[in-house]
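Student: Here is the input, now give the coordinates:
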Amino acid sequence: MSQALGWVIGAALVSGAVPAIRLLLSTVTVRGGSMTPTLHHGDVLLVLRHRRRPRPGQIVVVQRPDRRTGWSGPVDLSGAAGWYVKRVVAVAGDPVPPWVAGDRPGRVPPGMLVLRGDHPRSEDSRQWGLCPADRLYGVMLLRLRTGGDRAAA
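Tutor: The predicted model follows:
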């Protein structure tokens with residue numbers, strides 16, 4: 001194989017990998033203080049998209065619940081509905097904490113998550129109940145950039 005052909009094949013592989021990476025990874029900017037002190041307004045997160053089995057303790061990005069219908073409305077992972085950045089507290093099979101709003105089965109049913117913000121006044125499963133796992137946009141991998149509010153905090 002000639003060196004030129006090797007370069008062409010390498011360039012094709014790299015150009016094909018870029019769209020695939022964009023399908024798997026995304027950036028999300030934190031808005032608000034619901035995850036302080038862990039995350040702050042303006043922090044930029046690298047998110048692994050489409051992870052369907054988050055674990056307790058992981059920080060996730062989910063579709064924001066509708067003010068009228070909560071999470072019972074249509075699924076919209078385009079970002080138009082807005083995002084919530086929250087910590088997973090419990091997953092299918094785990095006990096449902098007593099502070100979860102709405103009907104509380106003894107254990108988290110399949111396809112549901114219990115979410116909580118790190119800040120005590122966060123909106124989360126305390127107000128909205130169990131979050132359907134199909135509202136999951138992705139799981140935070142790392143913080144890429146620290147927001148401007150951190151210096152003032």
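Student: just the helices in this protein please.
Tutor: With DSSP state H, the ranges of helices along the chain come out as 3-24, 125-128, 149-152.
Student: Give the bridge partners for the residue nearest the centre of the chain, please.
Tutor: For the chain, residue 61 is the residue whose C-alpha lies nearest the centre (C-alpha atoms, centre = their mean; 1.6 Å). When bridges are called by DSSP bridges, residue 61 pairs up with residue 85, residue 138.
Student: Is it in contact with residue 28, as I believe?
Tutor: Yes: counting by C-beta atoms under 8 Å, residue 61 does reach residue 28; the two are 5.3 Å apart. Heads up, the C-betas are built off the backbone N, CA and C, glycines and all.
Student: OK, contacts around the residue nearest to the centre of the chain?
Tutor: Going by C-beta atoms under 8 Å, 6 or more residues apart in numbering, residue 61 touches 28, 45, 47, 83, 84, 85, 136, 137, 138, 139, 140.
Student: Which of those residues are buried? Put it as a ChimeraX command.
Tutor: Buried subset of the contacts of residue 61, written as a ChimeraX selection, criterion 16 or more other C-beta atoms under 10 Å:
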select :28,45,47,83,84,85,136,137,138,139,140
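Student: mind putting the contacts of residue 61 in CSV, pLDDT and distance to residue 57 included?
Tutor: Shown next, in CSV, are these (pLDDT from 0 to 100; distance: C-beta to C-beta, whole Å):
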residue, pLDDT, distance to residue 57
28, 91, 18
45, 94, 16
47, 94, 16
83, 90, 19
84, 93, 17
85, 96, 14
136, 94, 15
137, 93, 18
138, 94, 16
139, 95, 11
140, 95, 11
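Student: Where do the strands of this structure begin and end?
Tutor: Along the chain, the segments classed as strands by DSSP state E run 25-29, 44-49, 59-63, 83-90, 112-116, 131-132, 136-145.
Student: which one of these lies closest to residue 74?
Tutor: The minimum distance between residue 74 and the strands of the chain falls on strand 59-63, with 9.6 Å, by C-beta to C-beta.
Student: would you put the C-alpha positions of the closest one in PDB?
Tutor: Below are the C-alpha coordinates for strand 59-63, written out as PDB (Å, rounded to 0.1, in the frame of the first residue of the first chain):
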ATOM      1  CA  ILE A  59     -24.600  13.200  37.700                       C
ATOM      2  CA  VAL A  60     -27.000  13.100  34.700                       C
ATOM      3  CA  VAL A  61     -28.700  15.400  32.300                       C
ATOM      4  CA  VAL A  62     -32.500  14.800  31.800                       C
ATOM      5  CA  GLN A  63     -35.300  16.500  30.100                       C
END
